[in-house]
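In: generate a structure from the sequence data that follows.
(chains A, B and C)
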Amino acid sequence: MFKQTRLRSVVLAATLTGLIAYCVMGGFYAREIVVEIAILAILAISLDVVAGFGGMVSLCHGAIMGIAAYAYGILTVKFGLPPLPSAVAAVAGAAVFGTVVGWITGRTSGIFFIMATLAFGQMAYTLIFKSQWLGGDDGMSGLPRFDLSWLGIKMGSSLTYGLFAIALTAAVYIAAAWVLRSAFGRTLGGIHANETRMKALGVNTILHRARAMGFSALLAGIAGIVAAQHTQFISPELLFWTISGEVLIVVILGGLGTLIGPVIGAVAFISLKHQVSGITDHWHIVVGLLLIVIVVAGGRGLYGQSEHWLAMRAGKAEDKTGDKSGDRGHA
Amino acid sequence: MDTGYWALQFLNALQFSMLLFLLSIGLTVIFGLLHFVNLAHGALYMLGAYIGVSAAASFGSYWAAFFLAPVGVTIIGAILYFTLIERLRHAGPMNQVLVTFGLIFVFLDLVRMTWGDIALGLEAPAALAGSSEFAGISYPTYRFFIIAVGAVVMAALWVGLTRTQIGAMIRAGVENGNMAAALGINVNRLFFLVFCVGCALAGLAGVIAAPVFSATTGMGISILIPTLIVVVIGGLGSLEGAIAGSLIVGFIETLGAVFLPEVAAISSYVLLAAVLILRPQGLIPARG
Amino acid sequence: MRKLLSTLAVAAVATAGIPHMAQAETKVGLLLPKSGTYAALGNEIEAGFNLALKEAGKTGDFKIVVEDTEIKPPVGLAKARKLVLEDEVDVIVGIVSSGVLGALRDFVHEAKVPLIVANAGNNAATGKSCSPYIVRVSFSNGQVNRPMAPWLMEKGIKTIYTLAPDYAAGHQMIESFTEAYTAIGGKIIGGEFTPFRKTKDFGPYLTKAKSANPDGIFVFYAGGEAISFVKQYGSFGIAKDVPLFGSGFLTSPLYVKAEGDAAVGVVASLHYVPTLDTPENKAFVAAFEGEQKRPPSEYAVQGYDAAKMLMGAIAAGAKDRESIAKALPKVKYVGPRGPMEIDPATNNVVQNIYIYETVKQGEALTQKIVGTATAVRDAPNGCSM
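Out: Numbers count the residues shown, from 1 in each chain, chains lettered A, B, ... in the order given. Now for the predicted structure:
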């Protein structure tokens, strides 16, 4: 069950404001980092929708992002179509891929679901990697950004693009929150909690899960467009399973099933990575240890754990007054 | 293409299957019995190869590596067990995936810091170097050795699991852990034993593979996917499943390379997806 | 009064001196992989680069900023932007992976920042995608392989089976060899591209190659894959029937030790071998071995030559991005590899390619030169600047 609690809204607003400030006041490189964070945050939100709320831990979200990026590249670079309709088509294409994968894997769960998504993601990676037409591992360059010059906006400027990416992150969060609070979202939560019961209630769980993956893929596709436009270059790396693994780590780092946690996770992960790689080449060990510590400490992630502590304190305070309406926000 | 050619390719496939078997049997029994998804298994394989390289360099003999690597990896595994694994046994698959993923990263950098970034080689022992003549074909002796080791381990595990009391207890524990405990089986000690054996096998696989594939920092991650595919296809928790899975994947990968090189790259993924969709519990799971 | 004037004079001269010193310092961005599977190559290139500066006594004239590409194109591009836009470097040196180079090309060209490529070999970078700002001192995939073709024909190797990993560099290496070989009457009787990064077991491919019965096998493999391939080739015992030839990275001095005896007798072509018997190379090898305790590889000399090229440009008077870019292609000298110059038509290096055999000397493996192709130059291949 998803609730957009006051705490979450406050944290979201604070994070976005912080990113905007960093973008405006920081130098060129700061803006690069902001876009990196935005891409990862959008991807992490999309994964949290299915993993945190639907119990479907997918290892192909990196591939979905890559598929959208390549579709955009094919339409704009190979066929010369204008950027905006190409982006829309690419995101739709990613959504279709997600729906199909979700439908095919509809009967699997747990570790099997993870492996199945891994398989599909790797298949997509291999096909794109081997394609000479798509440039293979040398990649494809020359991808255009949106042309908003008629609005007087210069997308070529790193400041503008940084703000654009932040705006998209906010939009994706709002869309995800809206869907999760709707009947669709609640059904998804029900399937996660007890699939048999939902089936008994007449819900076509396979179709529902497919649709959830489709929606999640749509959001991931948006991340793909931003990634493609940011560097204006794409390569098959995007689809490799370790990218999907990184996104999962980010979601856990922030807090699975909180929707805002993944955004915090993205900020923390990118910041940490840049700080650590400035000091040493061995940042793998830092991330590894961090992951272990987070899981051993309860697995709720940075935001999730904070939310939990606050809830416990609020719960204790209310217990004294006999009022049981604790602000928990996530069952 | 004469029979000699097919015999060689058959041997190639068999040898690859054996390597996969050594890795997957540890992983599958750990999962089947402890319900623990141990992705760090790949890292243990890598450690086996590197410890083997150092042992061979210190003692000047491959056999030193052959015996010390599994021992070394088991010790490391035991330490991991008491510090982390036992604590997370009931933490659910996702947390286990994450912790062991974290362990992969930690071990990756530890290996980089200890042994450096350049790939290290391990020489096969003189007795096993070169090729052997066998029914008219010439095949590297060391690869015959790999097949032999795999077969011996397979037989030993088979006998151990089906004919000994411990084996019976393990199989009972896999099928129904609570019932086994209720019957008085010390399930915790059993888990530790199984975990250690799994680690030893991973280390053995690493030191056996090193002369052929050399020790590299990426080897833990790159072997993980084929191993997971074997485990999922074969069915979790069963020896028969591991045997079937490793043979199937080994042969499809090898013969795929021979017949349809274009498709070879994705063949195991297609197979994985097919099994997951048609028979998600795997071919021969421990629990039907 | 006189004392005041002389003090002021001294002060004026002193202050005039300070900005002059600051201007003389050239800012270099070293963009290399420092983590991951190619970290060893990145470190080697950096070692060569620093050695050249130290040797010339010019370490103080350069301010170096090192960034890790992680062999990921988007990361490489982000770091390049940082180097150019935030650190404001005068020149970027490095790039191991052709994928990263592809990602950077447009940025470097539009930002008008000179880039000295110290490894990445994809033909397009000095072909269709060439740029007046990109100068390559390492090699191109085509350049390294073409000379093997006439050498093989001369030795009576008239049929070849090829093997390489299935990615862009693998295809380019084999294609350039094949083109040169078939043009002079050689026959390619078969070949395979092995799944990149996935293949560890070359057994099936070696078996296939042997059964095709060629006069020899020509392959391209590098790094860990090269070690595995050569060792497995050795273990199959087919060396007497099917000799192994290839692109020099197959038996690179950086890791040939791990290949062991299996590498003995393999003949390959490369733009540098540490056993080159020239005074320049002997000095270089002695200096490198003194510092790193092992012989230099082609990656080290690439870093070394990148530094020499840059110092050459600075010595000719270049001091900012535009002038460095213009001066680099004009630098000529004799280095450890032999005579070095840049072809103004492509901005790719013109250099000797050495055909060498790996031999055993006592306990160690070393390289014996069996042929030399002088001043190998690439055709423009679509480059127009």
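In: rest of the way, CA atoms for contacts and neighbours
Out: Noted.
In: contacting residues around the closest residue to chain C within chain A?
Out: Per CA to the nearest CA, A:D138 is where chain A lies closest to chain C, at 4.4 Å. By CA atoms under 8 Å, 6 or more residues apart in numbering or on different chains, the residues touching A:D138 are A:235, C:98-100, C:102, C:168.
In: any idea how far chain B is from it?
Out: 19 Å (CA to the nearest CA, to the nearest Å).
In: pLDDT weak spots in chain C?
Out: Scanning chain C for pLDDT under 70 picks out C:1-24, C:198-199.
In: can you show me the strands along the stretch 1-150 of chain A?
Out: Using DSSP state E, counting those that start in this stretch, the strands of the stretch 1-150 of chain A run over A:140-141.
In: where along it do the helices fall?
Out: A:6-25, A:28-54, A:61-73, A:83-104, A:110-130 (DSSP state H, counting those that start in this stretch).
In: what parts of chain C come near chain B?
Out: Proximity of chain C to chain B (CA under 8 Å from any CA of the partner chain) is limited to residues C:37-40, C:192-195, C:198, C:200-201, C:203-205, C:207-208, C:211, C:223-224, C:227-228, C:231-232, C:234-237, C:255, C:257-260.
In: list buried residues within those residues.
Out: If you count burial by 16 or more other CA atoms under 10 Å in any protein chain shown, the buried members of the residues of chain C next to chain B come out as C:37-40, C:192-195, C:200-201, C:203-205, C:207-208, C:223-224, C:227-228, C:231-232, C:234-237, C:255, C:257-260.
In: got the contact list for B:G32?
Out: B:174, B:236-238, B:286 are the contacts of B:G32 under CA under 8 Å, 6+ apart.
In: which of the residues you listed sits closest to chain A?
Out: When the contacts of B:G32 are compared for distance to chain A (CA to the nearest CA), B:L236 comes out closest, at 10.6 Å.
In: so what's that closest one up against?
Out: B:28-29, B:31-32, B:242, B:281-282, B:284-286.
In: ok, it to B:I85 distance?
Out: Going from B:L236 to B:I85 by CA to CA, to the nearest Å gives 19 Å.
In: and for C:K128?
Out: From C:K128 across to B:I85, the span is 55 Å (CA to CA).
In: quick one: which of those two has more around it?
Out: Between C:K128 and B:I85, counted using other CA atoms under 10 Å in any protein chain shown, the more crowded position is B:I85 (22 against 15).
In: how much space between that one and B:L103?
Out: 11 Å.
In: care to break chain C down by domain?
Out: Per automatic domain parsing, the structural domains of chain C span C:2-139+C:279-347, C:143-270+C:353-376.
In: out of those, which is closest to B:R143?
Out: For B:R143, the closest of the domains of chain C is domain C:143-270+C:353-376, at 8.8 Å, according to CA to CA.
In: neighbours around the residue lying closest to A:D281 once chain neighbours are set aside, how many?
Out: What sits nearest to A:D281 in space, not counting adjacent residues and going by CA to CA, 6 or more residues apart in numbering or on different chains, is C:S35, at 5.6 Å. For C:S35, the neighbour count with other CA under 10 Å is 23.
In: thinking again about what came up before, mind putting the helices of the stretch 1-150 of chain A in JSON lines, mean neighbour count included?
Out: Shown next, in JSON lines, are those (neighbours: other CA atoms under 10 Å in any protein chain shown):
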{"stretch": "helix A:6-25", "mean neighbour count": "16"}
{"stretch": "helix A:28-54", "mean neighbour count": "26"}
{"stretch": "helix A:61-73", "mean neighbour count": "31"}
{"stretch": "helix A:83-104", "mean neighbour count": "22"}
{"stretch": "helix A:110-130", "mean neighbour count": "22"}
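In: among those helices, which comes closest to B:L157?
Out: Closest of the helices of the stretch 1-150 of chain A to B:L157 is helix A:110-130, at 25.7 Å (criterion: CA to CA).
In: got the angle between the closest one and helix A:61-73?
Out: Helix A:110-130 and helix A:61-73 meet at an angle of 30 degrees, taking axes from the mean of the first three to the mean of the last three CA atoms, to 10 degrees as the criterion.
In: now helix A:110-130, how far from the chain's geometric center?
Out: 18 Å (CA atoms, centre = their mean, to the nearest Å).
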